[in-house]
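Visitor: this is the structure alone, sequence omitted:
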């Protein structure tokens, strides 16, 4: 890692952007009328779904937007049965 003055300046910009992202994240929790635990559950489910989508074939934003409920449900068929059994 470079210790140059420019690298240090870039670090402060990245740190600021990260903190603003986290601040915005917490704001969105209340905007969606969710508590923090519900937001974390939602994030976990969406993250798992995207992981499964990417292992099959990565998709563009438009492809994800155009997916039907059945297509989305296929990704979770095994995950859902596991949850009903163990969760």
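Guide: Nice, thanks for sending it over. The structure displayed is predicted, hence computed values, not measured ones.
Visitor: now do the domain split for the protein, please.
Guide: 1-33, 35-87 (automatic domain parsing).
Visitor: right, and residue 39 touches residue 31 too?
Guide: No. Checked against Cβ atoms under 8 Å, the pair residue 39 and residue 31 is beyond contact range at 10.3 Å. Glycine gets a C-beta too; all of them are placed from N, C-alpha and C.
Visitor: what residue ranges in the chain score low on pLDDT?
Guide: 1-8, 77-87 (pLDDT under 70).
Visitor: ok, how many other residues are close to residue 42?
Guide: Counted with other Cβ atoms under 10 Å, the neighbours of residue 42 add up to 13.
Visitor: equivalent analysis for residue 64, please.
Guide: If we define neighbours as other Cβ under 10 Å, then residue 64 has 14 of them.
Visitor: skipping adjacent residues, who's closest to it in space?
Guide: The shortest distance from residue 64 to any non-neighbouring residue, by Cβ to Cβ, 6 or more residues apart in numbering, is to residue 53 (7.4 Å).
Visitor: residues contacting that neighbour?
Guide: 59, 64, 75 (Cβ atoms under 8 Å, 6 or more residues apart in numbering).
Visitor: strands - which of the residues you listed land there?
Guide: Using DSSP state E, no member of the contacts of residue 53 falls within strands.
Visitor: and which of those is nearest residue 25?
Guide: Relative to residue 25, the closest of the contacts of residue 53 is residue 64; by Cβ to Cβ it sits at 20.4 Å.
Visitor: for residue 40, see how far away the closest one is.
Guide: 21 Å (Cβ to Cβ, to the nearest Å).
Visitor: swap in residue 68?
Guide: 27 Å.
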